[in-house]
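Enquirer: A predicted structure for the sequence below; I have some questions about it.
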Amino acid sequence: MDRKTISVLGLMSGSSLDGLDLAACTFHFVQQQLSEWQMLQAHTAPFPTDLRHRLATAPKASGKGLWLLHVELGSWMGQQARTFLDSYELNVQLIASHGHTVFHMPEHHATAQIGDGASLAIAAHLPVACDFRSVDVATGGQGAPLAPLADRWLFPGYDCYLNLGGIANLSVRQADNTFIAGDLTGCNQILDALAREAGREWDENGQLAASGTVLSELLKQLAQLSWFEKSWPRSLSNAWVQSEQLPLLMQHEGHITDLLRTAVEHIAQQVADAVRLYAPHAQRMLITGGGALNTFLLTRIEALLPRYIEGVVPHTHIIQYKEAALMAFMGALRWFGWPNTLATATGAPYDTVGGALYEPFPQKLLPHEST
């Protein structure tokens, strides 16, 4: 029987810019099927203030400035990876990095996640897999969401999966165990931007939003943005959130608590509408992402969901590091040359093996294999 085992460090930098998530995981395969996995350790490395600012403004950088940031970020991530592995005395065969999304334009067959894999590999002194979205996008897929891969293999037992990250997305398990998926709306990046207007890094537990009142006309304007007319599969770029959604909120004269309350209601409505449309027979939904820690947002989502849905919020460790574990899993599949994107979720014509490999060392550490 063909058995393979590999340990991978997954790196995830999300649109909320709250730091670099690192999760070291071990995966065991039998006949190319995942038999079991473990998350060994996980950690979040905050971005230095200057780097965080430059990442936030990266879409406006010059070509030269963006490429220098690409290299600098890769090197910084490699240093964080090496420090993390040494601190916990962990041995992995591969680092799998999502990188930081600057541009996402699948309609033009283009997507860009910066964080140079070569610089990362040199700094961490390990092989690196990165740039996981580009192959899917080149075939005509959306390159997103990637989360259904983790939903299918790492977190069985649920009918649908809601991720409340910088962008909210939903994936739904079909009767034949395939997945459909779509981005829903801007989420934490909107709530955090509004909270900063009130002098806070985030709205802890949604306390500010809970004290506000829904601005019905603004809520209607948000829902009428043309992007929401797109059918699944669909993916949302940070640039659209910042150019279309945020200005509606930021330029409104309402009190910040009312703006937050309205944004929460908008997110909850988009989630509930998507569940009714795409998951009419679902009974259990796993809820992850930083927004799962926002108790008021969860209260509003649960209030609007159909009564047949049970929302399940897992342990905080899974909430925070699910996407980093996904990166580790994608890296493991890439290492073995197995498909690591789901065409039914991205709209691509077929499943692909995504990711560029950087192996700059004469003697790489090979994963354990036995027969």
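Expert: It's in.
Enquirer: where do the strands sit along the stretch 151-300 of the chain?
Expert: Counting by DSSP state E, counting those that start in this stretch, the segments of the stretch 151-300 of the chain that form strands are 160-164, 167-173, 179-186, 284-288.
Enquirer: and the ones you listed as CSV, adding mean neighbour count and mean pLDDT?
Expert: Every C-beta, even on glycine, is put in place using the N, C-alpha and C of the backbone. Formatted as CSV, these follow (neighbours: other CB atoms under 10 Å; pLDDT from 0 to 100):
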stretch, mean neighbour count, mean pLDDT
strand 160-164, 27, 95
strand 167-173, 26, 94
strand 179-186, 25, 94
strand 284-288, 21, 95
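Enquirer: For Gln270, which of these is the nearest?
Expert: With CB to CB as the criterion, Gln270 lies closest to strand 179-186 of those, at 4.5 Å.
Enquirer: Could you export the strands of the stretch 151-300 of the chain as a markdown table, including distance to Ile318?
Expert: Shown next, in a markdown table, are these (distance: least, CB to CB, whole Å):
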| stretch | distance to Ile318 |
| --- | --- |
| strand 160-164 | 11 |
| strand 167-173 | 16 |
| strand 179-186 | 19 |
| strand 284-288 | 6 |
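Enquirer: quick one: which of those strands is nearest Pro48?
Expert: For the strands of the stretch 151-300 of the chain, proximity to Pro48 was assessed by CB to CB; strand 167-173 is nearest, at 24.0 Å.
Enquirer: May I have the strands that pair with that closest one, each with its orientation?
Expert: As defined by DSSP bridges, the strand partners of strand 167-173 come to strand 160-164 (antiparallel), strand 179-186 (antiparallel).
Enquirer: Ok, which of the ones you listed comes nearest Ser97?
Expert: Once those are compared by CB to CB, strand 160-164 is nearest, at 18.8 Å.
Enquirer: What angle do strand 284-288 and that closest one make with each other?
Expert: Inter-element angle recorded for strand 160-164 and strand 284-288: 20 degrees (by axes from the mean of the first three to the mean of the last three CA atoms, to 10 degrees).
Enquirer: And for strand 160-164, what's in contact with it?
Expert: 145, 147-148, 151, 155, 168-173, 187-188, 267, 271, 275, 278-279, 282, 284-292, 294, 297, 301, 311, 322-323 (CB atoms under 8 Å, 6 or more residues apart in numbering).
Enquirer: ok, 6 Å please
Expert: 147, 151, 169-172, 187, 279, 282, 285-289, 291-292 (CB atoms under 6 Å, 6 or more residues apart in numbering).
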